[in-house]
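>>> Quick one: sequence and predicted model below, then my questions.
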Amino acid sequence: MPQLTVEERLKSIGLDPARNLEDLTVDGGETLDLDPRNDRFKEHLTMLPLDSIRHIKQVMGVPDDAVEKIDPVVREPIFDNPLPDAGVRLSRRIPPLVLAEDAFRDVSNVRRLYDISAKYVFGDSRNIDDRQIEAVDKWIKAIKIRLPIFLFRDIYVARGATLNVNSNALFANHITVENTGRIKFKSGSHSTVFAASFKGL
């Protein structure tokens with residue numbers, strides 16, 4: 001099955017594909033940081049507003065059909081009471097969230113929202129019922145999420161070079177990494193890479 005080009009991928013998530021993308025090369029022995037706080041690559045950075053958990057899954061998640069029948073554990077359980085069997089729907093394992101006006105300031109609520117979101121985006125979203133999705137969407141709208149995405153045409157990381165990515169998303173047409181070259185994500189536990197091809201030399 002043909003892979004999407006980066007322009008096609010941008011269009012599919014609501015971004016303008018008609019932009020001039022440039023190559024990025026990290027020379028041998030060099031360390032390069034892609035960081036939204038650094039103006040050096042600001043022309044290659046897009047801040048994508050996200051208005052729902054479905055939108056987040058579309059942009060950086062795993063398709064439901066690609067997920068195993070039982071989702072991998074995203075993080076350690078945060079509840080005092082032991083969880084029922086993993087085969088039980090997540091909506092039955094996590095009580096519905098009652099989101100009052102100040103609920104988003106409650107640390108335990110936010111942790112639960114993160115857990116539900118991770119299960120939805122990186123697991124099988126069909127295991128999350130509508131009550132949970134509604135609660136998460138309210139949270140997303142309240143905190144006004146914007147996803148930093150670095151965009152390039154082709155990326156080449158030479159032998160002994162390191163590309164540090166301080167962003168949740170990196171998009172390119174083709175990514176090539178030579179032996180002992182590295183791409184390291186430093187933005188947290190969940191990041192996504194889109195490329196029509198990824199090759200190691």
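Looks like it arrived, so ask away. Here the structure is a predicted model, which means the values were calculated and not measured.
>>> Downstream of the lowest-mean-pLDDT helix or strand in the chain, the next helix or strand is which one?
Ranking every helix and strand in the chain by mean pLDDT, DSSP states H and E puts helix 90-93 at the bottom, with a mean of 44. Downstream of helix 90-93, the next assigned helix or strand under DSSP states H and E is helix 107-122.
>>> could you give the mean pLDDT of that following helix?
Helix 107-122 carries an average pLDDT of 83.
>>> residues of it that come out buried?
Residues Asn109, Arg112, Leu113, Tyr114, Asp115, Ile116, Ser117, Ala118, Lys119, Tyr120, Val121, Phe122 are the ones in helix 107-122 that count as buried (16 or more other C-beta atoms under 10 Å). (Glycine included, C-beta is placed from N, CA and C.)
>>> following it, which helix or strand comes up?
Following helix 107-122 toward the C-terminus (DSSP H and E): helix 130-143.
>>> That following helix vs helix 107-122, what angle?
For helix 130-143 against helix 107-122, the angle by axes from the mean of the first three to the mean of the last three C-alpha atoms, to 10 degrees is 110 degrees.
>>> How far does the next helix or strand after helix 130-143 sit from its chain's centre?
With elements assigned by DSSP H and E, the helix or strand that comes after helix 130-143 is strand 146-151. In terms of C-alpha atoms, centre = their mean, to the nearest Å, the centre of strand 146-151 is found 10 Å from the chain centre.
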